[in-house]
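# kindly return the folded structure for what I paste below:
(2 chains)
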Amino acid sequence: MIKITLPDGSVREFEKSVTGLQIAEDISPRLAKEVLAISINDELSDLTRPIYEDANIILHKFEDDEGKHAFWHTSAHILAEAIEALFPGTKFGIGPAIENGFYYDIELAEGKTLSENDFPAINKKMLELCQQNNPVVRKEVSKAEAISTFEKKGDNYKTELISELEDGTISFYQQGNFTDLCRGPHLPSTGYIKAIQVLSLAGAYWRGDETRKQLTRVYAISFPKQKMLQEYLLMLEEAKKRDHRKIGKELELFHFSQKVGMGMALWLPKGTMLRDLLESWLTEELKKRNYEMVKTPHIGHIDLYKTSGHYEKYGKDSFQAIQTPAEGEAFMLKPMNCPHHVEIFKARQYSYRDLPYRMAEFGTVYRYEQHGELHGLTRVRSFTQDDAHVFCRPDQVKDEFKKIIELVMYVFKSLNFTEYKAQISLRDPKDKTKYIGSDENWDKAEQAIQEAAEEMGLKPKIELGEAAFYGPKLDFMVKDALGRTWQLGTIQVDYNLPERFELEYKGSDNEMHRPIMIHRAIFGSMERFVAVLIEHTAGKFPLWLSPQQIVLLPISEKFNNYSKKVLELLKKYDIRGEIDDRNEKIGRKIRDNELKRIPYLLIVGEKEVESNTVSVRKQGQGDLGIMSPENFAELINKEIQEYFNN
RNA sequence: GCCAAUGUAGCUCAGGGGUAGAGCACUUCCUUGGUAAGGAAGAGGUCAUGGGUUCAAUUCCCAUCAUUGGCUCCA
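Coordinates of the predicted model:
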C-alpha cells in the first residue's frame, strides 16, 4: 500500500500502481468524470500512469491551467491526426497548447496548400476522431527507435526535435492511427473532447528562426462541452465588435495618419478629453499619496543614455540621435523617463529623512518598434507613460510596495477591473551572477515584495528567474469584460540606475548610502490603457469619463434657444455636452446619439419649455421621464459620486 | 525585420483591360417633428505610390509604402 496526500492535507491509502483516475473515482464519481490530469509531487502527469510510491497529488480539471493544458495538448494531437488523414504526406513540427486553445505547425506535401475552405472538413474529421473515444497511450522509446520511426515517415522536423533530446527520456503518445512525439501529459482518451474547431491559419518559422523554413500554423480550440465552444465563438465575435480601433474611429477618439507616421496616434478632441480626465484623476490620487509631479523634455543628451546603459543596449534599435546644427551635440528622443528623473533626484543632496522621494510624470517616450509589430493603440512608437519613480532606503521598500499596491488596486477598482492577478518575478536561484546589486539587497527586496503582496491580500504567482537583471518586480494582469487578460501595472525594483548614476543620501550614521529606486506604472501607457478601457467597456465609458456626458435633442429648431440655455446651466454643474441641432426628427437624433454611447440624452420640446424641464433618456435604459435641469444635474453628479463610493 | 493577405469617395465595401459604383456621412432645399434611420437634389475619386506589359491599365506584372493576421523583438 502507498500513501497519497491530497491538496487539503488528507491522506488516503491505495494499492501500489494506482492511477490518478482510480484515485479520483475513489473520491467521487463526478470528480473522476471531470479530472483531466494529475500532478504527482509537483510533476505533471497522465491520469492513467501508475503511481508506485507515496506521493502528494493534485487532480486538475478543465478549470485549472494544468487541466486545460492537457486537454488542449491532446486536442492538438487530434488536429494532427485529422490533418494527416486528410492531407497525407504532411510533416509535423510542434503542436502545443496555448493560452486560448492550441496550434500545430505543419508542412504540407509538395504543392499542397491549406486554406479556410478546408476548415469544415478538418473540423468534421476531428470531431469524428473524438467521438471514437480512442485511448491515448503513452509509450517510452529509445532515441534510436524514435528517430527511425519518424525517418520512416520522412518527417525531418520530428527527427530534429528528437535528436536534441536525451536518450531515456523520450515518450510517444498514440491515439487511433496517430503517434506523436510528446512529453505529455495527455487525457486518458479522445472522448473527453466534445467540441473542437479550427480557428485560423498563420505562417510561423520553424523554431521561431527566421532563417529557417516557414511552416503553416493552424490555430484551433476545443472544449469539454459544446456550449463552451459556442460561448467562446460568441466572445470572439464580441471582441471584434469591441476592437478599440473600430470604436476609436466611431467615437472620434483618435486617428492615425501616414503623413505623421505609423505608430503615432493623433488624439482627437474627444479622445483627448478622455485622456485628460484619466490623467487629472490619477494626478489627484498621486498628490494625495505624496507624489510630486515633474516634467521633463522629450529629448535627452546622448551621454545621459550612455550613463544609464540604455544606449549600449538599445541604441542601435532606437530612433537615431538628432544633432544640434552648430556644435554637433547628439540628443536622443527619450525612450524612458527614468534617466531624466534620476537627474532631478540629483539636483540636490538628501538625508535619510528626505526619503522616500516619490516623483511622477506623464512622460511621453519614443521607441522604435518594428513595423510589423505596430497595432492600433496597443503597440505604438510614441506613447505616454504614467511613470513614477520612488527613491527610498532599503528598509522602506516593503512599505513603498504596499503603498503602490494599494494605489494600483484602487485604480483598478475605480475603473471596474474587478478581476486581476499579480505575478512576482524573482532571481534565478541557480544563477545569481547575472544580476546587478548585492545579494543582501536582493534577498531583502524579494522578501519585502512577497510580504507586501501578502499583506495587501494579493495571491501572487511567483516566477523564479523572471526578474530583470536590475531588480525583482511585481506585475498586474487584469481581466477585461470578455475574460481576456492584459498586463497593466508594474512595480520594479532597480539597483542598476542608482549605481550607474551614483545616487546617494546621507544616513543616520553620517555615511553616504545608495538609495533604491522603484519604477512603477499603473496604466502603463495611456495609449494602451485607453485601448484596454475601450475594449473593456465597449466604448460605454463610466459617466465621469465620458467625453460627452449629455446631448440635448431639441424636438425642432424652435427649441434650440431653450436647449442653449439648459446647456449653459448644466455647464455650471461641470456637465459636459452639446446640442444636436441638426434638422432631423427626434427618432433619428436618438438613434445617432445612442450609437455614440452618450450616457444621457435630454429631449426638449414644447412641454419641456413650458414647464422648464428636460425629458431624460438614459443610455441603454430609455425614457426616465421629465425633471428640471437642476434636478438632472444633481442626479448625475450624485451618480458620479456613488460610482467612486462603491 | 520576416511570411501572407489587403489597399477603390470622409467611413463600410462592391466592381473590373475600353468615360468609376452602392450605402452611410457631407452640402443645399422641402419638411418643424415627441423617444433608435422623413423626403429630394447635389458635391465628392490621379482606384496607395513608382515603374513595366498593352493601341489602351484602376484592373495584368514588378518594386515601394501602408494596413491586417501571424512570426521574431520589446527598456
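# run a quick neighbour tally on A:Leu274.
Other residues lying near A:Leu274 total 23 when counted by other CB atoms under 10 Å. (Glycine included, C-beta is placed from N, CA and C.)
# got the contact list for A:Lys540?
Counting by CB atoms under 8 Å, 6 or more residues apart in numbering, A:Lys540 makes contact with A:597, A:599, A:619-620.
# can you tell me which of those are buried?
A:597, A:599, A:619 (16 or more other CB atoms under 10 Å).
# how about these in JSON lines, adding distance to A:Arg289?
Formatted as JSON lines, those follow (distance: CB to CB, whole Å):
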{"residue": "A:Arg597", "distance to A:Arg289": "32"}
{"residue": "A:Pro599", "distance to A:Arg289": "29"}
{"residue": "A:Gln619", "distance to A:Arg289": "33"}
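# what residues does the stretch 501-646 of chain A put near RNA strand B?
A:555-558, A:582-588, A:590-591, A:594-595, A:601, A:603-608, A:615, A:617, A:620, A:622-623 (CB under 7 Å from any atom of the strand).
# need the strands for the stretch 401-550 of chain A, in chain order.
A:419-426, A:461-464, A:473-479, A:485-494, A:505-506, A:512-513, A:516-525, A:550-554 (DSSP state E, counting those that start in this stretch).
# ok, the fourth one: who's next to it in the sheet?
Sheet neighbours of strand A:485-494, with direction, are listed as strand A:473-479 (antiparallel), strand A:516-525 (antiparallel) (DSSP bridges).
# which of those strands sits most buried?
Comparing the strands paired with strand A:485-494 by mean neighbour count (mean count of other CB atoms under 10 Å), strand A:516-525 ranks first with a mean of 24.
# now that one: average pLDDT?
Mean pLDDT, strand A:516-525: 95.
# touching that strand from outside, list them.
Residues outside strand A:516-525 that contact it (CB under 8 Å, 6+ apart) are A:278, A:282, A:338, A:342, A:380, A:383-394, A:396-397, A:400-401, A:404, A:407-408, A:411, A:441, A:445, A:487-495, A:497-498, A:503, A:529.
# so which bits of the worst-scoring helix or strand of chain A on mean pLDDT are buried?
In chain A, no helix or strand scores lower on mean pLDDT, DSSP states H and E than strand A:195-205, which sits at a mean of 83. Neighbour-count burial for strand A:195-205 flags A:195-199, A:201 (criterion: 16+ other CB under 10 Å).
# what about stretch A:261-275, distance to the chain center?
Chain-centre distance of stretch A:261-275: 22 Å, with CA atoms, centre = their mean, to the nearest Å.
# residue ranges in the stretch 151-300 of chain A under the pLDDT threshold?
Where the stretch 151-300 of chain A drops to pLDDT under 70, the residues are A:210.
# cutoff 80 now
For the stretch 151-300 of chain A, the stretches flagged by pLDDT under 80 are A:167-169, A:184, A:201-203, A:205, A:208-214.
# where exactly do the strands run in it?
Applying DSSP E, counting those that start in this stretch to the stretch 151-300 of chain A gives strands spanning A:170-175, A:178-181, A:195-205, A:214-223, A:254-256, A:265-267, A:292-293, A:299-301.
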